[in-house]
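Asker: can't give you the sequence, but here's the structure:
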């Protein structure tokens, strides 16, 4: 070897050694800084195994009924989305259209696994489902977990085997929601900010907890279910505004059910998957706050504090405060689109990066576009399921109005905390005047909640969008209202199934 070549090779070895030392040092530092909470997964497992229906406050039960009804309505509406058709065609292609679990909105049945997946996709297809709030100000609105979609489809699919009462389903549902929301609250905000879709990553734990409870697992089986489902967690925010976002939600529901069914057969997994150095919180978040989950499950229940929002519009939650306030401003001032020169919408930077489609061209992209959501309200004075279509988004007047919306990072909204969705609006009219407004939360949030009747009205709108029979629609509402007294939840199945041709 020539001296010059030897020198270059030596430098390479030195650089490689330095890089390796740096990486190893960073690993040691991250390990030493990682919070220690031995027994955390064990605590979560005991909470699930020991909880009884009587432990759930009546207020929590009633709040849950609104979200359950909401989820059923969205499954009906979502069955009409293109993803619903593609999922049903896929099941036909792989030959699993002969089972006992209902594919909501259709006459088909399949295995519990695929029913959980397809119905989960449908619930999330229109991005119209409920959303978790946050406690800590550095959490982006609870990391935006959609709590019902990973849990409800899995439970309904298992319940069709029979012998599940309304109280049993209610208990399992609330345990699933509580577990996934507290996990999301605990994980480092970096998890969401760096691109993970928390419904796809934290949601599987909710499905796993709920299915394990419904199957009456022992404590050790619950730990195995958590260990197995953690290896199926996944989802990336880059897929927001595409069909893959609802896929990630459907997969969350499916993975919890699959994990529970495998564990029921004897499958094993790590028993400390949440807190371990190579476990969920370290791998997916780098860090977490043990105090947000340890000894906090059901103390208080997430449904009570900080609460869970129902969506008034079929778009990303972060659009809703601005949309709620704009709807109020339009009505109060009789604003017409032709009068508007420009509209400023200020928000925190997490909102501007999550609502990433600033020039949307499809209905899916429009759900994550503040510009479209503001534009369509100005033009149509409404923003329902039919407005979020490719045809509407591509209209010339809609595209022109989108260009008049200035969506920007505002220091006041930034300083308000990421647990809020502070939106500052200023409508500039062509006559030179302007109208200002502000909102931290939208309609349907705990600060401005929907009543059961308002949730039922939303359900009727979703059922109508799916052309669902009115008789069935009203019977579903009545069933959910009295869910805790139902002897067998299989009575829901024919109400959610289409007549066979």
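Answerer: Sure thing, it's come through. A quick note: this is a predicted structure, and the numbers were derived from the prediction, not measured.
Asker: In space, not sequence, find me the middle residue of this structure.
Answerer: residue 146 (2.1 Å; C-alpha atoms, centre = their mean).
Asker: And that one, how far from residue 35?
Answerer: Taking C-beta to C-beta, to the nearest Å as the measure, residue 146 falls 26 Å from residue 35. (Each C-beta comes from the backbone N, C-alpha and C, glycine too.)
Asker: for residue 402, same thing?
Answerer: 44 Å.
Asker: The two: which is more packed in?
Answerer: Higher neighbour count among residue 402 and residue 35: residue 402, with 22 against 16, using other C-beta atoms under 10 Å.
Asker: these two touch, right, the more buried one and residue 360?
Answerer: Yes: with contact defined as C-beta atoms under 8 Å, residue 402 reaches residue 360; the gap is 7.4 Å.
Asker: ok, residue 356 touching residue 242?
Answerer: No: judged on C-beta under 8 Å, residue 356 makes no contact with residue 242 at a distance of 11.3 Å.
Asker: my read is residue 311 is in a strand, agree?
Answerer: No: going by DSSP: H, G, I helix; E, B strand; the rest coil, the assignment for residue 311 is coil, not a strand.
Asker: rewinding a little: who's in contact with the residue nearest to the centre of the chain?
Answerer: 124, 129-132, 199, 203, 249 (C-beta atoms under 8 Å, 6 or more residues apart in numbering).
Asker: ok, so what distance separates residue 308 from residue 259?
Answerer: Taken as C-beta to C-beta, the span from residue 308 to residue 259 is 24 Å.
Asker: Same check on residue 65?
Answerer: 27 Å.
Asker: Which one's more surrounded, the two?
Answerer: Taking other C-beta under 10 Å, residue 65 and residue 259 do not tie; residue 259 has more neighbours (27 against 20).
Asker: what about residue 53, how many neighbours?
Answerer: Residue 53, neighbours per other C-beta under 10 Å, totals 15.
Asker: Hmm, residue 167 and it touching each other?
Answerer: Yes: between residue 53 and residue 167 there is a contact under C-beta under 8 Å: 4.7 Å.
Asker: what about residue 295, which SS state?
Answerer: coil.
Asker: show me where pLDDT drops low in the stretch 351-500 of the chain?
Answerer: 500 (pLDDT under 70).
Asker: let's see 80
Answerer: 417-420, 499-500 (pLDDT under 80).
Asker: residue boundaries of the helices in it?
Answerer: Secondary structure of the stretch 351-500 of the chain (DSSP state H, counting those that start in this stretch): helices at 363-366, 370-380, 390-393, 396-402, 411-415, 452-465, 470-481, 493-496.
Asker: in the stretch 301-450 of the chain, which spans are strands?
Answerer: Applying DSSP state E, counting those that start in this stretch to the stretch 301-450 of the chain gives strands spanning 308-309, 340-347, 405-409, 423-429, 434-439.
Asker: next one: the stretch 101-250 of the chain
Answerer: Here the stretch 101-250 of the chain has its strands, by DSSP E, counting those that start in this stretch, at 101-102, 109-110, 131-132.
Asker: what's the first one in contact with?
Answerer: What it means is strand 101-102. 108-112, 114-116, 119, 156-157, 160, 493, 496-497.
Asker: cutoff 6 Å now
Answerer: 109-110, 112, 115, 157, 160, 493, 496-497 (C-beta atoms under 6 Å, 6 or more residues apart in numbering).
Asker: would you list the strands of the stretch 301-450 of the chain in CSV and tack on mean neighbour count?
Answerer: Below are the strands of the stretch 301-450 of the chain laid out as CSV (neighbours: other C-beta atoms under 10 Å):
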stretch, mean neighbour count
strand 308-309, 27
strand 340-347, 21
strand 405-409, 17
strand 423-429, 20
strand 434-439, 16
